[in-house]
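[1] no sequence for this one, just the structure:
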């Protein structure tokens, strides 16, 4: 009887990406710019979903006490940037279990640089330094969740407010993987058009 394990194995994400190496530095940059732009929209949506969760009525129908002010806008933008920087890192480590080849490492460096152009503060370097003592994706997600929760003053809105965002960030792994594969494989004209559309988001 034939062994199913002897049959063709599905390609890993790395194997799929290998077939779509950028042809030049400009090619790589345009793809990185799309990835960071699209990832920024995903992070904005993620943070919005998180805040809606925290601020929805409790079981007694009461809204949590939460003071909105203009200073929250800057803090909110910084939180989005923090999520972008860490999401790029998570895409790198939670999908690729082996050593990252130089060409792909350069792509992710371009992604961080593109993110810094889209959201200057804080810099990607500053963001990653905040979490350099954390080991593993779970700890990173837990740490950023708590940090952003307190920065946005949401800690008293829900019992799990400090961990909820981290759980959402971890579960977004498949979305990040699909976005990365599309960024690497789609025609450049299609990516440029998508960037123009995303700017209107």
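    Good, I have the coordinates. This one's a predicted model, so the numbers in the text were calculated from it and none came from an experiment.

[2] for residue 59, phi and psi?
    phi -60, psi -20 (degrees, to the nearest 10).

[3] give me the neighbour count for it.
    5 (other CB atoms under 10 Å). For the C-beta atoms, the positions are set from N, CA and C on the backbone; glycine is no exception.

[4] how close does it get to residue 156?
    Separation of residue 59 from residue 156 (CB to CB, to the nearest Å): 16 Å.

[5] residue 122 too?
    From residue 122 to residue 156 the distance is 25 Å (CB to CB).

[6] higher neighbour count, these two?
    Shown here are residue 122 and residue 156; by other CB under 10 Å, residue 122 has more neighbours (15 against 12).

[7] next, that one: secondary structure please.
    coil (DSSP: H, G, I helix; E, B strand; the rest coil).

[8] pretty sure it sits against residue 81.
    Yes: the pair residue 122 and residue 81 qualifies as a contact (CB atoms under 8 Å) at a distance of 6.3 Å.

[9] what comes up buried for the helix ranked longest in the chain?
    In terms of residue count, the longest helix belonging to the chain (DSSP state H) is helix 25-55. Residues of helix 25-55 classed as buried: 28-40, 42-44, 46-47, 50-51, 53-55 (neighbour count, 16 or more other CB atoms under 10 Å).

[10] packing partners for it?
    Packing contacts for helix 25-55, counted by 3 or more CB pairs under 8 Å, 6 or more residues apart in numbering; DSSP states H and E, involve helix 71-95, helix 102-118, helix 161-171, helix 173-185, helix 188-198.

[11] at 10 Å what do you get?
    When contacts are defined as 3 or more CB pairs under 10 Å, 6 or more residues apart in numbering; DSSP states H and E, helix 25-55 sits against helix 71-95, helix 102-118, helix 137-151, helix 161-171, helix 173-185, helix 188-198.

[12] mean neighbour count added to these, as CSV?
    CSV is the format used below for these (neighbours: other CB atoms under 10 Å):
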stretch, mean neighbour count
helix 71-95, 19
helix 102-118, 18
helix 137-151, 18
helix 161-171, 19
helix 173-185, 17
helix 188-198, 13
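
[13] now those as JSON lines including distance to residue 12 and mean pLDDT?
    As requested, these are exported to JSON lines (distance: least, CB to CB, whole Å; pLDDT from 0 to 100):
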{"stretch": "helix 71-95", "distance to residue 12": "9", "mean pLDDT": "88"}
{"stretch": "helix 102-118", "distance to residue 12": "13", "mean pLDDT": "95"}
{"stretch": "helix 137-151", "distance to residue 12": "18", "mean pLDDT": "92"}
{"stretch": "helix 161-171", "distance to residue 12": "20", "mean pLDDT": "95"}
{"stretch": "helix 173-185", "distance to residue 12": "10", "mean pLDDT": "94"}
{"stretch": "helix 188-198", "distance to residue 12": "23", "mean pLDDT": "87"}
